[in-house]
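>>> predicted model and sequence follow; I will ask about them next.
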Amino acid sequence: MDFQGQHILSIEQFDREAVEQVITLAEQMTPYLNRQKRSTVLDGAILASLFFEPSTRTRVSFSSAFNLLGGKVMETVGMGASSLTKGESLYDTAQVISGYADAIAMRHPEAFSVSEFASGATVPVLNGGDGANEHPTQALLDTFTIFDELKRVGKNTKNIRIALVGDLKNGRTVHSLSRILSLFPNVEFTFVAPNALSMPEKILSVCDNAGHRMNMTQDLSTGLQNQDLVYMTRVQEERFNTQEEADLYRGKYRLTQKIYEQYCATNTIIMHPLPRDSRPEANELSDDMNRNPNLAIFRQSNNGVKVRMALFALVLGVEKQLKQHESDVNWYSNKTK
Ligand code: NCD
């Protein structure tokens, strides 16, 4: 796929080869992330980071990725601080910001809003999450993590058994992840969710049309068994009409070290897009798992920077010039220790 100048809006744009292209380039970003080397290939470039919905790691990792390649970042956070509250259309905002920046990373609470915005943008727009719809860069970093972790535990990457657990209706990360995994052969999906929060038909048919096996259950202990990976998610309380309704489901599924030992196969890898909801009434992924070597969540969030560096390099057409702009790192860093 020729990425130069392209928007990254949905996993629908990707075929397997394009996913592998991103992953291969992301691997080459490791020395930069580990501060063994630096590349200033994006020196002079500007990223506009527009986050109209709460975010910590997606927003900061987009910025970190751009900075690590030598570019500068302008940020705006929250709807209240933008002219959208004055009735400006997404199209107009996109036209204006395109004049100020070389790339735009954007998150917005409404499904398909980032695509609408991109239709008015003249620079590449990367979707950092549009409502309950999609989160394509998360899916790419999740896929990177899945292959990396399976290799780490010495497992075959040709057959993947994965359980997706929690709010599968509203969770955009699991929508994009199911789409992306459907591009690979021999995936067995187990969807673990209460009936009311089950995976949308649209996504199920993508997995089904790709010929993958799918299991559905409401029972966590059943879903955890015989998996290579378990992907936990938070109840997306901000997408419910009332807090009371969300609270019916928060705390329904809780993975603790004890439950892991009881039901999970040896070396089952645990992922979560984060943030985990660590409040006692939810706590879907207990912090008593923090010492479990197969808890991949922080390796996963770190991989997000590499994947986003790769995407910026591709859409801005500098993926072959990284080394040309490489130099040593002068400051102290213990990242590789
Ligand atoms: C997720 C999101 O915002 O969709 N987080 C993320 O980007 N890493 C998941 C969530 O908020 O639960």
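Received it, and whenever you're ready, just let me know what you need.

>>> so for stretch 29-44, mean pLDDT?
For stretch 29-44, mean pLDDT is 97.

>>> stretch 50-67 too?
When pLDDT is averaged over stretch 50-67, the result is 95.

>>> what lies in contact with the helix or strand of the chain with the lowest mean pLDDT?
One helix or strand of the chain scores below all others by mean pLDDT, DSSP states H and E: strand 72-77, with a mean of 92. In this structure, residues lying in contact with strand 72-77 by CB atoms under 8 Å, 6 or more residues apart in numbering are 45-51, 59, 62-63, 66-67, 82, 100-101. C-beta: built from backbone N, CA, C; applies to glycine.

>>> mind giving me the packing neighbours of the helix or strand following it?
Counting by DSSP states H and E, the next helix or strand C-terminal to strand 72-77 is helix 90-100. Packing partners of helix 90-100 (3 or more CB pairs under 8 Å, 6 or more residues apart in numbering; DSSP states H and E): strand 46-51, strand 103-108, helix 113-118.

>>> paired strands for the least confident helix or strand of the chain, with orientation please.
Strands that pair with strand 72-77, judged by DSSP bridges, come out as strand 46-51 (parallel).

>>> what does the strand it pairs with rub up against?
Contacts of strand 46-51 (CB under 8 Å, 6+ apart): 58-59, 62-63, 66, 71-78, 82, 93, 97, 100-107, 128, 312.

>>> of those, list those near the ligand.
Filtering these for proximity to the ligand by CB under 6 Å from any ligand atom leaves T58.

>>> just the buried residues of the contacts of strand 46-51.
58-59, 62-63, 66, 71, 73, 77, 93, 97, 101-107, 128, 312 (16 or more other CB atoms under 10 Å).

>>> out of the helices and strands packed on helix 90-100, which one sits most buried?
Greatest average neighbour count among the helices and strands packed on helix 90-100 goes to strand 103-108 (a mean of 27), per mean count of other CB atoms under 10 Å.

>>> gap between that one and the chain center?
The chain centre lies 14 Å from the centre of strand 103-108; the measure is CA atoms, centre = their mean, to the nearest Å.

>>> using CSV, write out every CA atom in it.
What follows is strand 103-108 as a C-alpha-only set of coordinates in CSV (Å, rounded to 0.1, in the frame of the first residue of the first chain):
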residue,chain,number,x,y,z
ALA,A,103,-0.3,15.9,9.8
ILE,A,104,-3.2,15.7,12.2
ALA,A,105,-4.0,13.2,14.9
MET,A,106,-7.6,13.4,16.1
ARG,A,107,-10.0,11.9,18.6
HIS,A,108,-13.7,12.8,18.7
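
>>> show the contacting residues for Q4.
314-317.

>>> can you do 7 Å?
Listed by CB atoms under 7 Å, 6 or more residues apart in numbering, the contact set of Q4 reads 315, 317.

>>> same thing with V123?
V123 touches 98, 101-104, counting by CB under 7 Å, 6+ apart.

>>> what do you get for S39?
Contacts of S39 by CB under 7 Å, 6+ apart are 32, 69-70, 322, 325-326.

>>> give me phi/psi at it?
Main-chain torsions, S39, degrees, to the nearest 10: phi -130, psi 130.

>>> okay, and the beta partners of it?
According to DSSP bridges, beta-bridge pairing links S39 with E326.

>>> mind listing the strands for the stretch 101-250 of the chain?
Counting by DSSP state E, counting those that start in this stretch, one finds strands in the stretch 101-250 of the chain at the ranges 103-108, 125-130, 160-165, 187-192, 213-217, 229-232.

>>> so what's the residue nearest to the spatial centre of the chain up against?
The chain has Q138 as the residue nearest its centroid, 1.1 Å off, counting by CA atoms, centre = their mean. Counting by CB under 7 Å, 6+ apart, Q138 makes contact with 173, 176, 273.

>>> among the residues you listed, which are in reach of the ligand?
Applying CB under 6 Å from any ligand atom to the contacts of Q138, those adjacent to the ligand are 173, 273.

>>> for the ligand, what are the nearby residues on the stretch 151-300 of the chain?
So far as CB under 6 Å from any ligand atom goes, the stretch 151-300 of the chain lies against the ligand at 172-173, 234, 236, 273-274.

>>> Throw the strands of the stretch 101-250 of the chain into a markdown table and include mean pLDDT and distance to Y260, thanks.
Compiled in a markdown table, the strands of the stretch 101-250 of the chain are given as follows (pLDDT from 0 to 100; distance: least, CB to CB, whole Å):
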| stretch | mean pLDDT | distance to Y260 |
| --- | --- | --- |
| strand 103-108 | 97 | 32 |
| strand 125-130 | 98 | 28 |
| strand 160-165 | 98 | 12 |
| strand 187-192 | 98 | 14 |
| strand 213-217 | 98 | 17 |
| strand 229-232 | 98 | 9 |
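
>>> much appreciated, bye for now.
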